[in-house]
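**Student:** my questions concern the predicted model and sequence given below.
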Amino acid sequence: MQRIAVLLGLVALMVSVPSAQAPVISPTPNLVADGIAPIPASIAAEVRRYTEYRSANLVDWHPTRRELMISTRFGNAPQLHLVKSPGGARTQLTFADEPITNARYQPGEGRYFVFLRDTGGNEFAQLYRYDVQDGRITLLTDGGRSQNSLGVWSHKGDRLAYTTTRRNGADRDVHVMDPANPQTDRQVLQASGGGWDVRAWSPDDRTLLVVEEISIEESHLWLVDIATGQRTPLTPAGERVSYGLAVFARDGRGVFLTTDKGSEFLRLAYLDLNTRAMTTLTGDVNWDVENLELSPDGRTMALVTNEAGISRLRLMDTGTREARLITGVPAGVIGGLLWHPAGNELAFTVASARSASDVYSLTPRNNQVTRWTESELGGLVASELVEPRLAQWTTFDGREISGFYYRPPARFPGKRPVLINIHGGPEGQTRPGFIGRSNFFLNELGVALVYPNVRGSTGYGKTFVGLDNGMKREDSVRDIAALLDWIAQQPELDAARVMVTGGSYGGYMALAVATNYNERIRCALDVVGISNYNTFLKNTESYRRDLRRVEYGDERQAEMAAFFEKTAPLNNAHKITKPLFVVQGGNYPRVPRTESEQMVARVKKNGTPVWYLMATDEGHGFVKKSNVDFQFYATVVFMNQFLLGT
């Protein structure tokens, strides 16, 4: 008997030792992981070449030299770098633990630049001055729970106009400051509401052009006298019209702006300040003008249009009002748009399915396009990355919904599982840019990807944007049901293996799909999603509460509150029997972590597998590479186990 016991003990030891000693990846101290299966250490090596890519984004031109400031990452978080020539080395300027991606040089001399930085993703960004000569950094704003904009420089370069919520945390006031002397900071306009922003200074630096956003469908432009603070309406009161970007003409007689007045799309227009007459300048383009930048001499307007998700760059002669399409720019999504102060070169970024964002410039004189950065793909081969095609399907009310469909390589046989990834906003749009780590799902797991633009998305006209407002919220969820029908009709896709994911509002959509169509999906991943609009509107930061009520509905109205309770994923969580993974930034002020925690607790009662990952040093999704990597490792394990069954 003793010998048998010893033998049994040896057998038990042989079985348990490999399991106990199998190397795993443990979460760092700043990560709270609950219910997540052990992550094999081999995952890191398996996915490495999909996690090491970089991107470069335009920040600013040097005011006197042909040099660019960019944002890119070499360590754990993106920082500011200087590039002195096209293809030149990236010299790091800031070395913070937190991401720094926005800055502006002092005009004229460039003795310093002003940049924004928050803490742990809390979005209470503060303004700082970086002195170029010695690298010293000076805090310019209050350093508390205020949210501050980067602001706009005066033409003389002696003052910065910016907005801040420091007064009460809810209203966004307009302030003016000389960053070289922070004690000069003063309030110019005491505003009511959280949707105020500075657009431009008048040529004589006496007046500010300010926008007041009520919702994505309604905004107003104001002229603010800097000396007295008196504000004058520039656009009619009471009209439900959106005004986006705006800048003074160089002669000060008018304003170039984007508006959807009289149109489904944001068009470039000119507003005469004397007569208030408005002239449409891009009436022949039935797409949104999403960015504009007036040259320093005022003679050329650079503008970017969003045409079915692809960006097009045009240059317009402000005298003749004739525009020409620029060729030679790589196809993709254009971000940023800045003229060099000398006025002879325009910089911008471009991202595509086969290239992370990189910085380019255009010399209008000869239409030469110059590439300034070539970010590393971390071992990926650009030609092997899948380019999407536009997919379209008819939804419940006969409308056409579209999205971008990435099909796995042909080496994967049989019907392929599908990952549906829904964008946030909801006033947003999925565009065919670089999808980064998600290329692993395509190329290594053979999972098809679909990025839908359901109703409420931008880019398809203002009527489409408003189709999900208030009581129509679940109509956008029904657009995903129609997508599930479309998947079932595709011979190469497996409708029995579908996963849904999304972040922020997309996280809400993932939860809503999981509760409404539980039997039609395998699993779901929610990133910082809303689980109940009543609790969300109660706990979100006050500076944005009224802006969100216009979109989602006002919870103070009994009928709306009842609708929220009826449709809340939290109150329908008992329907979820498929595995759920919830990711949350602990400092996220827009969708507080209580939205995720209450959902996780409720779904656990179903006996359903629930994974929860929370980072104490993140906000709107994960940004720091160590956190992003762990989330990705966990997602791969989750998909292998619950979507693929491996």
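**Tutor:** Good, I have the coordinates.

**Student:** count the neighbours of residue 507 for me.
**Tutor:** Residues lying near residue 507 (other Cβ atoms under 10 Å) number 30. C-beta coordinates here come from the backbone N, C-alpha and C atoms, glycine included.

**Student:** for stretch 100-118, measure first residue to last.
**Tutor:** 8 Å (Cα to Cα, to the nearest Å).

**Student:** what's the closest residue to residue 416 other than its chain neighbours sitting at in phi/psi?
**Tutor:** Closest residue in space to residue 416, ignoring its immediate chain neighbours: residue 448 at 4.8 Å, by Cβ to Cβ, 6 or more residues apart in numbering. The phi/psi pair for residue 448 (degrees, to the nearest 10) reads phi -80, psi 150.

**Student:** where along the stretch 301-450 of the chain do the strands fall?
**Tutor:** Secondary structure of the stretch 301-450 of the chain (DSSP state E, counting those that start in this stretch): strands at 310-317, 323-325, 333-339, 346-352, 355-363, 368-371, 389-394, 400-406, 416-422, 448-453.

**Student:** secondary structure class for residue 641?
**Tutor:** Three-state assignment for residue 641 (DSSP: H, G, I helix; E, B strand; the rest coil): helix.

**Student:** quick one: strands adjacent to the longest strand along the chain?
**Tutor:** Using DSSP state E, we find that the single longest strand of the chain is strand 493-503. According to DSSP bridges, strand 493-503 forms sheet pairs with strand 416-422 (parallel), strand 523-527 (parallel).

**Student:** let me know which of those strands is tucked in deepest.
**Tutor:** Greatest average neighbour count among these goes to strand 523-527 (a mean of 28), per mean count of other Cβ atoms under 10 Å.

**Student:** what's the following helix or strand after that strand?
**Tutor:** Moving toward the C-terminus from strand 523-527, the next helix or strand (DSSP states H and E) is helix 533-539.

**Student:** and that following helix, what's its mean pLDDT?
**Tutor:** Throughout helix 533-539, pLDDT has a mean value of 90.

**Student:** elements contacting that helix?
**Tutor:** helix 542-552, helix 558-567, helix 593-604 (3 or more Cβ pairs under 8 Å, 6 or more residues apart in numbering; DSSP states H and E).

**Student:** so which of these comes closest to residue 295?
**Tutor:** Closest to residue 295 of the helices and strands packed on helix 533-539, according to Cβ to Cβ: helix 542-552, at 32.9 Å.

**Student:** for that closest one, which outside residues touch it?
**Tutor:** For helix 542-552, the surrounding residues in contact (Cβ atoms under 8 Å, 6 or more residues apart in numbering) are 147, 165, 169-172, 193-195, 213-218, 426-427, 469-470, 473, 533, 536-537, 540, 555, 590.

**Student:** those in helices, which ones?
**Tutor:** Using DSSP state H, 473, 533, 536-537 are the members of the contacts of helix 542-552 that sit in helices.

**Student:** can you say which of those residues are buried?
**Tutor:** 473, 533, 536-537 (16 or more other Cβ atoms under 10 Å).

**Student:** which parts of stretch 374-382 are buried?
**Tutor:** Here stretch 374-382 shows 375, 377, 380 as buried, counting by 16+ other Cβ under 10 Å.

**Student:** for stretch 480-491, same thing?
**Tutor:** 480, 482-484, 486-487, 490.

**Student:** low-confidence ranges in the chain?
**Tutor:** 1-21 (pLDDT under 70).

**Student:** apply 50 and report the result again.
**Tutor:** 1-19 (pLDDT under 50).

**Student:** which residues in it form helices?
**Tutor:** Under the criterion DSSP H, helices of the chain are mapped to 2-21, 42-47, 439-443, 462-465, 473-489, 505-516, 533-539, 542-552, 558-567, 593-604, 625-638.

**Student:** without its sequence neighbours, what residue ends up closest to residue 638?
**Tutor:** residue 581 (5.0 Å).

**Student:** go ahead and confirm that neighbour touches residue 514.
**Tutor:** No: using Cβ atoms under 8 Å, residue 581 is not in contact with residue 514; the gap is 10.7 Å.

**Student:** which neighbours do these two share?
**Tutor:** Joint contacts of residue 581 and residue 514 (Cβ under 8 Å, 6+ apart) are 524, 526.

**Student:** how many neighbours does the residue nearest to residue 466 when sequence neighbours are not counted have?
**Tutor:** Spatially, and ignoring its direct neighbours in sequence, residue 466 is nearest to residue 217 (6.0 Å; Cβ to Cβ, 6+ apart). Neighbour count for residue 217, taken as other Cβ under 10 Å: 18.

**Student:** for the one 4 residues further on, same thing?
**Tutor:** A count of neighbours around residue 221, defined by other Cβ under 10 Å, yields 19.

**Student:** thinking again about what came up before, would you list the buried residues of stretch 374-382 in JSON lines and tack on distance to residue 161?
**Tutor:** Shown next, in JSON lines, are the buried residues of stretch 374-382 (distance: Cβ to Cβ, whole Å):
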{"residue": "375", "distance to residue 161": "33"}
{"residue": "377", "distance to residue 161": "40"}
{"residue": "380", "distance to residue 161": "42"}
